[in-house]
Each structure stands twice: as C-alpha cells, then as structure tokens.
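Chemist: Dropping the sequence and predicted coords here.
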Protein chains: 2
Amino acid sequence: MFRKRINADNARELFLNSFLPLMEVEVLPIEDCDGRIISENITASMDVPHYRRAAMDGFAVIASETLGAGAGSPVMLKLASSIEKGTCMRVHTGSPMPEGADAVVMMEDTELCADMVQICTQIHPFKNVGEIGEDVRKGERIQDRGRRLRPCDIAVLASLGIRSLKVFRKPLVAIIPTGEELIPRNEKDLKAGEVYETNGLMASMYMKKWGCDVRLLNIVTDSPDLIKEAILSNLDVDMVITSGGTSVGKRDYVPAVVDSIGKLVVHGVGISPGKPTALGLIQGKPVVCMPGYPVAGIVALFYFARSVARKLGNIPEEPDRIIRAVLSEKLSGRTGYKTFARVKLDNGKAIPLATSGAGILSSVSKADGFVILPENVEGLNASEEVEVLLIE
Amino acid sequence: MFRKRINADNARELFLNSFLPLMEVEVLPIEDCDGRIISENITASMDVPHYRRAAMDGFAVIASETLGAGAGSPVMLKLASSIEKGTCMRVHTGSPMPEGADAVVMMEDTELCADMVQICTQIHPFKNVGEIGEDVRKGERIQDRGRRLRPCDIAVLASLGIRSLKVFRKPLVAIIPTGEELIPRNEKDLKAGEVYETNGLMASMYMKKWGCDVRLLNIVTDSPDLIKEAILSNLDVDMVITSGGTSVGKRDYVPAVVDSIGKLVVHGVGISPGKPTALGLIQGKPVVCMPGYPVAGIVALFYFARSVARKLGNIPEEPDRIIRAVLSEKLSGRTGYKTFARVKLDNGKAIPLATSGAGILSSVSKADGFVILPENVEGLNASEEVEVLLIE
C-alpha cells in the first residue's frame, strides 16, 4: 500500500529539508572551473589594469597643450622620448602612458612631419586613457561564494593572476537499476518479459548533466536482500537513485528496503506520471526511488533528483530552462496531480503530445518540453500561454 | 584602415555562406552520445515492447468473463497456469500476458480465496494491457539526422538494443592569442604594459561549451611572420580563432596576415563593442579574429565564432538561451551599430550595466546577459520588454 498520497511540492520541500548541502571543496586549476560552483569569496589583490594605459593608438600629450587645436589650426608638438612642455610620444592601445602625459590624441587626428606632430583636435584630460583599476579595482569583491562560474568570470579572475580556485565538490550519485525483467544493454536477443535496462543509463546521463559524478551499478533483480546489499555497499556516495520496484505489487520491494535500513520519507506522490516515486534517507544520504516506467522515471528525475543534486552541490537555480509558448489545443490534467504533459514546440506554439502513458518513453523523446499543470487545474484551453520546461 | 564597415548580420551571413559543414562522422558508444549530433536517421528494428505486457499488477483474464462483475456480485475465476474459460493468472506490471488473456484486473479489484479469485469489477478487452509496439513500432522513424541527442532520446535508442551511434565529428578549433603585452598565466609579476593572457583562455572554454574540441596555442607576439607561422602550422584544424592585433594601429598585423595567406572577408563590423572584428578564410577554413579588448572579444565569440561552430558541427539552434525581461531604465545604443548592452537580471527586470567600455571585462562578469539593440534603434525606454541573451 502507498502511504497517503502527498502533494508534489510538499513532498519535495519536506525531502529537501531533510539533508544538508555538501561543504567539502576541492582546488582546481582555473581552466577546469567552467560550470563549477565557487566556494570562496574573491577580492581583487591588484588593480586591472595595474598601470595607466593608452586606450587608442596615437600620441600621448599634455591635454592643456591642445587648447585651441583644430583641423585648420593645428598645434605642433615635438616627437620625443619623454613628456614635457611642447613634446608628445607615440603610444599603442594598451601600452603604458608616459609619465606626465594625461591624454592620447588618436592617430586619425594627427599628421607626422619629420619629428614634429600636427595635433588637429583639442582634447580634454583623461581622453583615451585607461585609468588604473578601470576594469577591476584592488580590494573590490569580484566573486561571491556559491556562484556558478562561466568562462567570462574565469577570464576576469585570470586577469588578476589567479591560477586555481576553490569549488564545491560534485555530488557522487550511485544509480541502482532493479527489476528481474531487465537485461544488460550488451546482451542480445530479448525473450518475452525481458527489456533492456535504460532507466539507469538515462539517470546517469541526466545526473552528469546536472553537475554530479555518477556510479552506474549493475542490475539488481527483485530481491529485498540483494537490493539492500546493493544500497548498503554503496553508501560512500552522497545520493542514491534506484529505479523500479516502487509500486505496491508483489515484486515491489524498494520502498520497504529503504525503510528497513533508513527512513522512508515519502511513498506515493501527487505527480503524473510518477505517482509511485519514493523518497527516503539512509544514513543521512538522500535516496530517490524512480518508478520503473520510464516516463514516470524521468519525471522523478526532473522533479526530485535534480533538486537534490542542486541542493547537495550548492548549485544555484538557473533562469534559462523555461520558455513561453501558446497551447495549440486543449490540454487536460489529472485532477489532484501535478501533471507533466509532453509538448512539442513549433514556432511559439506548444503542441500537446501526451499527458498519460507512463510507459511511452518515445513520447518524451518526441517532445521538446513539459507543460506542468498544477493539481487544481483540470485543463488548459487552446491559445492559453504556458511555460514550457525544456527537456534537455 | 578598416574596409568599409559592414552591417553585423550581413557580415555573419556572408561569412557563414563561405564554408560548408563538416560531414565526417564518428561512431560512439551510446552512453557517450549525450549532446552530440546524430548523423543518421534511425528506424526501429523491433517493437518496444516486443511482447504483450501487463500494465498493472493483478490477474490476467478473458475480459468477456467479467461481464456483470461488481463489488456486490463478483465473478469467480480459478487461479491456473494457463488461460481458458473460467481461469485467470497472476501477472505483474511488465510481465508477458498469458496466451488467450486480453485484459488485466487490478489487484485492488480482486480477492483471493484459496485457488479462487473474486473479480469485483467488469473490464473491457485490452484494459491494463500494453500492446506490442505501444512505445515504439518496428519500422517507425525514431531519430532524424541532425538532431542533438538528449538522455531521453538515448534511452529510447537503447531500448531497441542499439549500442553505438554515428554522430558528427566535433569541430577542432585552434586558438592563437597574439600581442606583445601578453604574459602567460603561469608567470608572476607584471610590469607596466603587461597583462595576463585571458582572451585565449576564455575563447577555449566557450568553444568547448559550444561543442568544439580546442587547441589553445602559446602567445604569439606582434610579428607578421610569427603570426603567419602560427596559423599555417595549425591548418589541420577546422577553424582558427585569433585574439588581438585586429585594429588599424601600427602593431595590428592580423587581418593583413590573413589576407596574405588566404582571403579577408570582413574587417570592421557594425557591432559594439567589437568593431575591429575580422573574418577570413584560409585554405577554406574559417578564421575569426577577435579584437584584443575582452568585451569586444566576447561579443565576437558570441556573435560570430559560435555561429561558425554551429555550422561546422551541424549543431541545431537551441531555443533556450533567450529570456524576456523588462528594462529597469533607459538603454542607449550606438547608432549604426548592433549594440551588446550588458544587463543584470533581477526578478524579471533587466538592469543595464554598460553599453560601452570594450576593455571592462568585469562588466560582463557582473552581467547575466546581453540586450542586443539593433542598428536603427537609438535607445530603449524604461519598462520596455526586451529579450536577454543569457551569458553562459
């Protein structure tokens, strides 16, 4: 028997509150940190640039000497190797400003005649000069603990001479496919009643994508002792995902096993497909039990396992996985359940493919995303705007 | 001198039309194909499931025998090891349907007394039965050449017993940072006029993220011969990215070098920051010359190099990198230029950080995305809705 069916949001909140993020960090060369979560605040130890630089190719001058200069009334300055009254110096973009100069006249506004330079424009002090610290100021906070690093962030850190960073360790996930009907993918010729193992494979690819390291284990048959042994011998990980055996049939042992060696927190969720999802804790480690039906399994991954990975790995919410579209036709949900409807996107339209059919994985593969219907919504009408959670 | 400044869209179209996608494929184990572009159409060689399966735990029956059954008027069937008139058989979710049975009565609607089963509900044929091919039908097209594979797609392919796939080879990109002011990141103590090399590092991380393999080369100083040598000795790659030396100063040799050993297609683009971007072809290989200023460089990466990688790698456009937000204040562009304004996102608002400052990489690191102002738009007003290209 399921426990009392629990609302999906409540189940997730309850579960996420039952364990803590991982606090271990590792030190990585900066070039390996793309996508990782920084575990330290970084304050700039130097100015960038650390010297006054020319921001243009041209001539460094004392700005006040260009007073009144114009195309018809150039000021003449002597090309020299230091700046004093009446002289100027050649500079390139990025090169240090000579001592005493406070502006750069662009090449285009000058003419060189022997060692004399015609300055054909009047400029004000600081024109075309990059000041010390204009990009990053010494002492400025440039990274905050908990941010996901992007290449542009890493480039800024590298410009300060930083060569390695402290980042949070990735969560390690053990994935245990269960079911006596499962056949390893490298074996041939299925008999009636046999299917290739795919949920564990799918879970392992998603968890890697979502920032975890993964240990995909061999198939375990429907035996409480073997399932127990598989879990207990892999509790060096940070999270366990099982697949299959979560319903209430004679061969569904997984939730009871979790409860016997830990604590079953949730069994039976108001989510469709995905009702037979179970969530538990063993020795403080979160355990997500995916239903064996693949669509129910993927919903459990997107809705529960991904959130667990985010919390364990200190991974911030991303804003980029939802897009808006307009329903091409009516969409019905399952009342009392958060319904994950599969839709195809076409030119701003969301075309419903399926709302039920927990066993039809091809309906996910044909889809671009999920429209999630809340529990209290019977259905949505054609032309309603919806948010589509993209299926990565 | 720049060539005539060219409109950014035109420059990109012209450039993308000057080379062809890579057609070489490689064969990979299916578990290594997440994110890769499939280069073959796949048709299902078998049905999934390949046998009629029970979709529930319960008893397989001949549906017509349940006629009139109800809680108060159960039909009695004998538990047997084959199906004939008056018998039923125990089945589990996913197990093969016994010969002769055409429906499954859920466990909840039955009661077992010794070897007799009380059937307490009337069901119709096919109820709780998964038909052969209900997920994937033999002969059905299940993958189209050119699609980017996701874990759910790979799981469907794996359910057919497929163990390896043909995918397009990743483009290999040589990245050549140039500039006499550049210092390798593993050296200490900058003098005036020196900066750490960061553009090449940033480009290499972005190109990897965007589906390429990368060869990041050593810094080349501002010497036409050395730049030429660096490019020519790396033309085994599919694409070259240089950084620096693209403007019109005395030390800017890169566009002329490209033209001397190949063809300079574009030099000077109506994009801000990023005007000194150059684009060329050498022995048919696309060459993107990033300006040395880092913000101009990142714009050249996002606008040009990424598109080149997509075309070379046969990578389809993704729909998920743009989000909508409302401007918190006025935003001004540079007339005649496609302006990449950096914005921070906060609760549906886009807060402008900078529109100019090609040297201020920290303005990118502080930003969540770019608002792209078209050439003919002087500015946008506060409260206007804008599309934000997320900075990954």
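Modeler: Structure's in. What do you need?

Chemist: Show me what from the stretch 201-350 of chain A comes close to chain B.
Modeler: Residues of the stretch 201-350 of chain A lying close to chain B by Cβ under 8 Å from any Cβ of the partner chain are A:201-202, A:204-206, A:208-209, A:247-252, A:292-294, A:298, A:319-321, A:323-324, A:345. All C-beta atoms are positioned from the backbone trio N, CA, C, and that covers glycine.

Chemist: Pull out the buried positions in stretch A:353-367.
Modeler: Across stretch A:353-367, burial judged by 16 or more other Cβ atoms under 10 Å in any protein chain shown covers A:353-355, A:357-367.

Chemist: and stretch A:242-258, which residues are buried?
Modeler: Within stretch A:242-258, the residues scored as buried using 16+ other Cβ under 10 Å are A:242-247, A:249, A:251-255, A:257-258.

Chemist: Averaged pLDDT, it. What do you get?
Modeler: Mean per-residue pLDDT for stretch A:242-258: 92.

Chemist: Just the residues contacting it, thanks.
Modeler: A:1-2, A:175-180, A:182, A:199-200, A:203, A:222-224, A:227-228, A:231, A:264, A:267, A:276-278, A:280, A:282, A:287-292, A:297, B:57, B:90, B:92-93, B:107 (Cβ atoms under 8 Å, 6 or more residues apart in numbering or on different chains).

Chemist: and that stretch, how far from the chain's centre?
Modeler: 32 Å (Cα atoms, centre = their mean, to the nearest Å).

Chemist: Could you do stretch A:198-212 as well?
Modeler: Worked out by Cα atoms, centre = their mean, stretch A:198-212 lies 15 Å from the chain centre.

Chemist: and what of stretch A:103-118?
Modeler: On Cα atoms, centre = their mean, the centre of stretch A:103-118 falls 50 Å from that of its chain.

Chemist: What subset of the residues of the stretch 201-350 of chain A next to chain B is buried?
Modeler: For these, buried by 16+ other Cβ under 10 Å: A:201-202, A:204-206, A:208, A:247, A:249, A:251-252, A:292-294, A:298, A:320-321, A:323, A:345.

Chemist: Identify the spatial nearest neighbour of residue A:42, chain neighbours not counted.
Modeler: Spatial nearest neighbour of residue A:42, excluding adjacent residues (Cβ to Cβ, 6 or more residues apart in numbering or on different chains): residue A:143 at 4.0 Å.

Chemist: okay, now the one you found: neighbour count?
Modeler: By other Cβ atoms under 10 Å in any protein chain shown, the residues close to residue A:143 number 20.

Chemist: Longest strand in chain A, by number of residues?
Modeler: Using DSSP state E, we find that the single longest strand of chain A is strand A:338-346.

Chemist: Which strands or helices does that strand pack on?
Modeler: strand A:269-272, helix A:294-300, strand A:322-327, strand A:349-354, strand A:369-373, strand A:385-390 (3 or more Cβ pairs under 8 Å, 6 or more residues apart in numbering or on different chains; DSSP states H and E).

Chemist: can you do 6 Å?
Modeler: strand A:349-354, strand A:369-373 (3 or more Cβ pairs under 6 Å, 6 or more residues apart in numbering or on different chains; DSSP states H and E).

Chemist: Save the ones you listed as TSV, and put in distance to residue B:302 and mean pLDDT too.
Modeler: As requested, these are exported to TSV (distance: least, Cβ to Cβ, whole Å; pLDDT from 0 to 100):
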stretch	distance to residue B:302	mean pLDDT
strand A:349-354	28	93
strand A:369-373	24	95
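
Chemist: Return the most buried member of the ones you listed.
Modeler: strand A:369-373 (a mean of 23; mean count of other Cβ atoms under 10 Å in any protein chain shown).

Chemist: Once you drop chain neighbours, what's closest to the residue of the stretch 1-150 of chain A found nearest chain B?
Modeler: Proximity of the stretch 1-150 of chain A to chain B (Cβ to the nearest Cβ) peaks at residue A:57, 3.3 Å away. Nearest non-adjacent residue to residue A:57, counting by Cβ to Cβ, 6+ apart: residue B:249, 3.3 Å away.

Chemist: Next, residue A:31: secondary structure please.
Modeler: Under the three-state scheme (DSSP: H, G, I helix; E, B strand; the rest coil), residue A:31 adopts helix.

Chemist: Give me the pLDDT value at it.
Modeler: In this prediction, residue A:31 carries a pLDDT score of 96.

Chemist: Got the confidence number for the nearest residue to it once chain neighbours are set aside?
Modeler: The shortest distance from residue A:31 to any non-neighbouring residue, by Cβ to Cβ, 6+ apart, is to residue B:201 (6.2 Å). Note on residue B:201: pLDDT of 98.

Chemist: Looks to me like residue B:201 is in a strand.
Modeler: No: Residue B:201: not assigned to a strand; according to three-state DSSP it is helix.

Chemist: Tell me the spacing between it and residue B:107.
Modeler: As judged by Cβ to Cβ, to the nearest Å, residue B:201 and residue B:107 stand 61 Å apart.

Chemist: what about stretch A:189-208, how long is it end to end?
Modeler: Terminal residues of stretch A:189-208 lie 30 Å apart, using Cα to Cα, to the nearest Å.

Chemist: Let me fix that, I meant to ask about stretch A:200-216.
Modeler: One end of stretch A:200-216 sits 7 Å from the other (Cα to Cα).

Chemist: quick one: contacts of it?
Modeler: By Cβ atoms under 6 Å, 6 or more residues apart in numbering or on different chains, the surrounding residues in contact with stretch A:200-216 are A:170-175, A:177, A:241, A:243, A:301, A:306, A:309, A:313, A:315, B:34, B:151, B:155, B:158.

Chemist: Tell me how far it lies from the chain's centre.
Modeler: With Cα atoms, centre = their mean, you get 15 Å for stretch A:200-216.

Chemist: What of stretch A:292-311?
Modeler: 16 Å.

Chemist: and it, average pLDDT?
Modeler: Mean pLDDT, stretch A:292-311: 97.

Chemist: same check, this time on stretch A:149-165
Modeler: Stretch A:149-165 comes out at a mean pLDDT of 97.

Chemist: Endpoint to endpoint, it covers what distance?
Modeler: One end of stretch A:149-165 to the other measures 10 Å (Cα to Cα).

Chemist: Show me which positions of it end up buried.
Modeler: A:149-162, A:165.

Chemist: Also stretch A:185-198?
Modeler: For stretch A:185-198, the neighbour count (16+ other Cβ under 10 Å) marks A:185, A:190, A:193-198 as buried.

Chemist: got a list of contacts for that stretch?
Modeler: By Cβ under 6 Å, 6+ apart, stretch A:185-198 touches A:177, A:181-183, A:219, B:51, B:95-96, B:155, B:158-159, B:161.

Chemist: Filter those residues down to just the ones in helices.
Modeler: Among the contacts of stretch A:185-198, the members falling in helices are B:155, B:158-159 (criterion: DSSP state H).

Chemist: And the most centrally placed residue in chain A, what's its pLDDT?
Modeler: Geometric centre of chain A, nearest residue: residue A:318, 5.8 Å, by Cα atoms, centre = their mean. Among the per-residue scores, residue A:318 shows a pLDDT of 71.
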